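Asks: coordinates for the following, if possible.
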Amino acid sequence: MLAVEGSGSPSFPDYPSVTEYLYALKAGGVKFGIHRMGRLADALGHPERSYPVIHLAGTNGKGSVSAMLESIFRAAGWHTGLYTSPHLVKLGERVQVDRRQLTAAEIVDFANELRPVAAQAAALAPDEHATFFEFMTAMAFLQFQRKRVDLAVVEVGMGGRLDATNVVQPAVTVITSIGLDHCAELGDTFEKIAREKAGIIKPGRPVVMGRLPPAAEKVVREVAAGCDAPVHSVREIYRDDLAGYPATSLAGDYQRWNAATAALVARRLPAKWKLTEEVITRGLQSVDWPGRWQHTTIGGRPLILDASHNPEGAEVLEQNLSQLVAATGRPPVIVAGALGEFRARALLEVMLRHAREIHLVTPRQARASTFEELLALVPVAQRRLVHRGTIAEIFPDAHTCTLGGPDDTIVVTGSIYVLGEVLERIEPGRGAGEGKLQDF
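Replies: Coordinates of the predicted model:
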């Protein structure tokens, strides 16, 4: 049971004390269900009802589509809110207004405001105190209200039906993709996972659906029909020829699938939003979303950062690595880490087909797979390609990578938490990483 402070508790004096409190909430684990968030939102006067919301769920792509939509609305001159998770480096990345992150001072102020409200809302059920994710969701709702955003783009944390964000009444719901991930929590088939994610669909509100497996698409359409919610499908509009899909500043063919999803959302909104074709194009061409086949350099050499943490993501990684090898004429040096055998197995199979060498690292997360666990998934004949490494050794400073030669491309992939730790080292302007608050 998590201790709950009452309204008489002293204020948090500084940011470190707030992060310790939030870490204590996080240690309580993930708790599904929207009743706690409903009580908290009710106690706050339902700030999430003071602006239109686009609500997004999906196994992959929901962060990228969220960033694309935010960019489109901002290109049209609107004042935007963006709520995503997890963060790469800093906690404040989760809550952004016009892409300005929540500051440490703002987090302290919100924590001081929310702690007694959360305690009071849970007074009749002390075991049901707001979780870490619910606390952050409340911060987002309040920040968007007080900054008077014209619209908020809100990404589901996990699943959909029982996710804390599902207290919103969206103008549009979006299902970006369905793949096998978080199976212990959401189910072990496309149909079961689709039903959980389709739980964000609301009566009469339009649904935009990305490229889904047929079994998952059938479930989404069934749920939507039960809610009298019209469905707009990327596959129906754009078919399968990628040449007809919108272009975007984010690299990779799969980002064009995401761009089509974002464009379809924009085109289904009322004319008052002024989302013309020119605005949509401009927004898609100016998206900033790090860690998604992101090209940069280190020490004059190409460096690619790409979160690819589940089997669906591994399929995309396969395509990107194939194209990279074809373009450069040589296999890359890959740095990777993963959380759990299920995710790691698909990732390793792809990397072993395309890498000159693989350096396995362990992110600073309790669920991270160890080197020994990952090595056990590698066929004995291929273990010569695999090396143990640490992020600190591989990226000792912002300008150095100790792997490979002058002609090598370095690819960092796997868990988003690995990417966050690398970005913390190669982009020190981001500040010290907040990894202990990263997971969930």
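Asks: where do the strands sit along the stretch 301-440 of the chain?
Replies: For the stretch 301-440 of the chain, applying DSSP state E, counting those that start in this stretch gives strands covering 301-307, 333-337, 357-360, 386-388, 410-414.
Asks: just checking: what are the partner strands of the longest one?
Replies: Translated: strand 301-307. Here strand 301-307 is paired, per DSSP bridges, with strand 294-298 (antiparallel), strand 410-414 (parallel).
Asks: make CSV from those strands and add mean pLDDT, mean neighbour count and distance to Leu102 to it.
Replies: For glycine as for every other residue, the C-beta is placed from the backbone atoms N, C-alpha and C. Listed next are these as CSV, based on pLDDT from 0 to 100; neighbours: other Cβ atoms under 10 Å; distance: least, Cβ to Cβ, whole Å:
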stretch, mean pLDDT, mean neighbour count, distance to Leu102
strand 294-298, 95, 14, 22
strand 410-414, 96, 28, 26
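Asks: before we move on, back to that, mind putting the strands of the stretch 301-440 of the chain into a markdown table with distance to Phe440?
Replies: Below are the strands of the stretch 301-440 of the chain laid out as a markdown table (distance: least, Cβ to Cβ, whole Å):
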| stretch | distance to Phe440 |
| --- | --- |
| strand 301-307 | 16 |
| strand 333-337 | 18 |
| strand 357-360 | 24 |
| strand 386-388 | 28 |
| strand 410-414 | 18 |
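Asks: got TSV for the strands paired with strand 301-307, with distance to Arg195 too?
Replies: Shown next, in TSV, are the strands paired with strand 301-307 (distance: least, Cβ to Cβ, whole Å):
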stretch	distance to Arg195
strand 294-298	33
strand 410-414	28
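Asks: once you drop chain neighbours, what's closest to Thr400?
Replies: Once flanking residues are discounted, Thr400 sits nearest to Gly299: 5.6 Å by Cβ to Cβ, 6 or more residues apart in numbering.
Asks: excluding covalently adjacent residues, which one is nearest to Ala251?
Replies: Ala251 sits nearest to Trp293 (Cβ to Cβ, 6+ apart), 4.4 Å away.
Asks: distance of the one you found from Ala326?
Replies: 15 Å (Cβ to Cβ, to the nearest Å).
Asks: these two: which is more packed in?
Replies: In this view Trp293 and Ala326 are compared by other Cβ atoms under 10 Å, and Trp293 has more residues nearby, 22 against 8.
Asks: so where is the stretch 101-250 of the chain shaky, pLDDT-wise?
Replies: 125-127, 180-188 (pLDDT under 70).
Asks: could you pull out the helices for the stretch 101-250 of the chain?
Replies: 104-121, 132-146, 183-186, 190-197, 214-226, 234-238 (DSSP state H, counting those that start in this stretch).
Asks: surely Phe190 is in contact with Lys218?
Replies: No: using Cβ atoms under 8 Å, Phe190 makes no contact with Lys218, being 9.3 Å away.
Asks: who touches Met417 in this structure?
Replies: Careful, residue 417 is Tyr and not Met. Applying Cβ atoms under 8 Å, 6 or more residues apart in numbering, we find Tyr417 in contact with 86, 337, 339, 363-365, 368, 435, 438-439.
Asks: just put the helices of the stretch 101-250 of the chain in a markdown table and tack on mean neighbour count.
Replies: As requested, the helices of the stretch 101-250 of the chain are exported to a markdown table (neighbours: other Cβ atoms under 10 Å):
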| stretch | mean neighbour count |
| --- | --- |
| helix 104-121 | 18 |
| helix 132-146 | 23 |
| helix 183-186 | 14 |
| helix 190-197 | 22 |
| helix 214-226 | 17 |
| helix 234-238 | 17 |
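Asks: Ala398: which of those is closest?
Replies: When these are compared by Cβ to Cβ, helix 104-121 sits nearest Ala398, at 22.2 Å.
Asks: using CSV, write out every CA atom in the closest one.
Replies: What follows is helix 104-121, C-alpha atoms only, in CSV (Å, rounded to 0.1, in the frame of the first residue of the first chain):
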residue,chain,number,x,y,z
ALA,A,104,11.0,21.6,-13.4
ALA,A,105,9.4,24.6,-11.7
GLU,A,106,6.0,23.9,-13.3
ILE,A,107,6.2,20.3,-12.2
VAL,A,108,6.9,21.4,-8.6
ASP,A,109,4.0,23.7,-8.7
PHE,A,110,1.6,21.1,-10.1
ALA,A,111,2.9,18.5,-7.6
ASN,A,112,2.2,20.8,-4.7
GLU,A,113,-1.3,21.5,-6.1
LEU,A,114,-2.2,17.9,-6.9
ARG,A,115,-0.9,16.0,-3.9
PRO,A,116,-3.6,17.1,-1.5
VAL,A,117,-6.3,16.8,-4.2
ALA,A,118,-5.2,13.2,-5.0
ALA,A,119,-5.2,12.3,-1.3
GLN,A,120,-8.7,13.7,-0.9
ALA,A,121,-10.0,12.0,-4.0
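Asks: elements contacting it?
Replies: Packing partners of helix 104-121 (3 or more Cβ pairs under 8 Å, 6 or more residues apart in numbering; DSSP states H and E): helix 15-27, helix 35-43, helix 132-146.
Asks: if we can go back for a sec, quick check: the gap between the residue nearest to Thr400 and Phe395.
Replies: Distance, Gly299 to Phe395, by Cβ to Cβ: 10 Å.
Asks: now list whatever residues contact both of those two.
Replies: The contact lists of Gly299 and Phe395 share Cys401, where a contact means Cβ under 8 Å, 6+ apart.
Asks: which of the two has more residues huddled nearby?
Replies: A count of neighbours by other Cβ under 10 Å puts Phe395 above the other of Gly299 and Phe395, at 26 against 14.
Asks: OK, contacts around the more buried one?
Replies: 298, 401-402, 422, 425-426.
Asks: returning to that earlier point: give me the pLDDT value at the residue nearest to Thr400.
Replies: On the pLDDT scale, Gly299 is placed at 91.
Asks: tell me the contacts of it?
Replies: 399-401.
Asks: ok, Leu339 next?
Replies: By Cβ under 8 Å, 6+ apart, the contact list for Leu339 reads 309, 363, 365, 367-369, 415, 417.
Asks: which one of those is nearest Arg343?
Replies: The closest of the contacts of Leu339, once distances to Arg343 are taken by Cβ to Cβ, is His309, at 5.5 Å.
Asks: most neighbours among the contacts of Phe395, which one?
Replies: Using other Cβ under 10 Å as the neighbour test, those are led by Val422, with 27 neighbours.
Asks: tell me the spacing between the closest residue in space to that one that isn't next to it in sequence and Gly45.
Replies: Distances taken as Cβ to Cβ, 6+ apart put Val412 closest to Val422, at 5.3 Å, once the chain neighbours are dropped. For Val412, the distance to Gly45 (Cβ to Cβ) stands at 43 Å.
Asks: next one: Val380
Replies: Distance, Val380 to Gly45, by Cβ to Cβ: 62 Å.
Asks: quick one, which of the two is more surrounded?
Replies: Gly45 (11 against 7).
Asks: great, nothing more from me.
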